[in-house]
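Asks: Model the structure of this input:
(one chain, ligands or ions: 2)
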Amino acid sequence: MQPITIALAKGRPAKSTIALLEKTGIHFNDFHEKSRKLVFYNDDQTIKLIFVKAIDVPTYVDKGAADIGIVGKDNILESQADVYELLDLGLGKCRFAVAGKEDQQLKQSQQLTIATKYPIIAKRHFDKKGQSIEVVKLNGSVELAPLIGLADYIVDIVETGNTLKENGLTVFEEIENISTRLIVNKASFATKSAEVQQLINQLKSALE
Ligand SMILES: Nc1ncnc2c1ncn2[C@@H]1O[C@H](COP(=O)(O)OP(=O)(O)OP(=O)(O)O)[C@@H](O)[C@H]1O
Ligand SMILES: O=P(O)(O)OC[C@H]1O[C@H](OP(=O)(O)OP(=O)(O)O)[C@H](O)[C@@H]1O
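Replies: Ligands and ions are numbered 1, 2, ... in the order given. Presented below is the predicted three-dimensional model:
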């Protein structure tokens, strides 16, 4: 029988996700934190775990390269992948927000410039309000943009709020809560439904 392939996002929530899988009794013997290996099998080879860049996880699942993905809601929304989202693992909790300089207010003007790693989410948020924006797509240190005049505001992830605070920025609008979710390829959900459902049930029990 073919193993179930799980694409796991590299990065912050990976360690706690592996710990959760271990709690369900799924062990990846040769896994260790410093390993550069990208593919692991559980003891009875029924599960293949692949480590993927977080933003690519929904694509792997959408295209059927993985049956299941474990990834932040931020990346699911931004990728616009056509997948089933079946479980909230409650890990990697943070939120999306519109933020800007503390001494400002959120302007409503003809066009605002928004710096973000997440153009689709930013666009969707301001579209809903009927506010036109120009997006400046950045890949990190997004908080710098309003400080140096590259953008009016940012749309970014806020967890503790420390990065905003230490850079003299504040939240103007909350957009959406984020956490790590389990997504499933639509065809796999039909053809491997017993295996997928079993894994979801195991994870649910481990989360209780
Ligand atoms: N403070 C946080 N900042 C960013 N992501 C967080 C935070 N807290 C939880 N997360 C979750 O962790 C995921 C990404 O973790 P991390 O930033 O380590 O990934 P990454 O692989 O470095 O991604 P990127 O290349 O986009 O920076 C996010 O997609 C989000 O769901
Ligand atoms: O509210 P906080 O707890 O401060 O966390 C939020 C910060 O963490 C993330 O950045 P990351 O560390 O991924 O750095 P980068 O975006 O610059 O790569 C995010 O983009 C914020 O900058």
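
Asks: For the lengthiest helix in the chain, list every residue counted as buried.
Replies: Longest helix in the chain by number of residues (criterion: DSSP state H): helix 193-207. Residues E195, V196, L199, Q202, L203, A206 are the ones in helix 193-207 that count as buried (16 or more other C-beta atoms under 10 Å). Every residue, glycine included, has its C-beta placed from N, CA and C.

Asks: In a markdown table, list those along with distance to ligand 1.
Replies: Shown next, in a markdown table, are the buried residues of helix 193-207 (distance: C-beta to the nearest ligand atom, whole Å):
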| residue | distance to ligand 1 |
| --- | --- |
| E195 | 26 |
| V196 | 22 |
| L199 | 20 |
| Q202 | 22 |
| L203 | 17 |
| A206 | 20 |
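
Asks: same for the longest helix of the chain, what does it pack against?
Replies: Contact here means 3 or more C-beta pairs under 8 Å, 6 or more residues apart in numbering; DSSP states H and E; on that basis helix 193-207 packs against strand 4-9, helix 14-23, strand 84-88, strand 180-184.

Asks: Does the first one reach ligand 2?
Replies: Going back to what we said before, that points to strand 4-9. No: Strand 4-9 lies out of reach of ligand 2 by C-beta under 6 Å from any ligand atom, never closer than 12.4 Å.

Asks: ok, back up a step: what lies in contact with the longest helix of the chain?
Replies: Here helix 193-207 makes contact (C-beta atoms under 8 Å, 6 or more residues apart in numbering) with 4, 20-21, 23-26, 46-47, 67-68, 86-87, 89-90, 182, 184, 188-189.

Asks: contacting residues for the closest residue to ligand 1 within the chain?
Replies: Scanning the chain for the residue nearest ligand 1 gives G72, at 2.0 Å (criterion: C-beta to the nearest ligand atom). Shown in contact with G72 (C-beta under 8 Å, 6+ apart): A9, P13, A54, G92, I178, S179, T180, R181.

Asks: what's the burial count for the closest residue in space to G161 that isn't next to it in sequence?
Replies: In this structure, G161 finds its nearest non-sequential neighbour in V171, 7.4 Å apart by C-beta to C-beta, 6 or more residues apart in numbering. Using other C-beta atoms under 10 Å, V171 has 16 neighbouring residues.

Asks: Kindly report the same for H32.
Replies: Quick note: H32 (other C-beta under 10 Å) scores 8 neighbours.

Asks: Check D62 too.
Replies: D62 has 18 neighbours, counted by other C-beta under 10 Å.

Asks: before we move on, which element is the residue lying closest to it once chain neighbours are set aside in?
Replies: Leaving aside its sequence neighbours, D62 sits nearest to A81 (C-beta to C-beta, 6+ apart; 3.9 Å). Element membership of A81, judged by DSSP states H and E, is empty: it is in no helix or strand.

Asks: Same check on F172?
Replies: Assigned by DSSP H and E, F172 belongs to strand 169-178.
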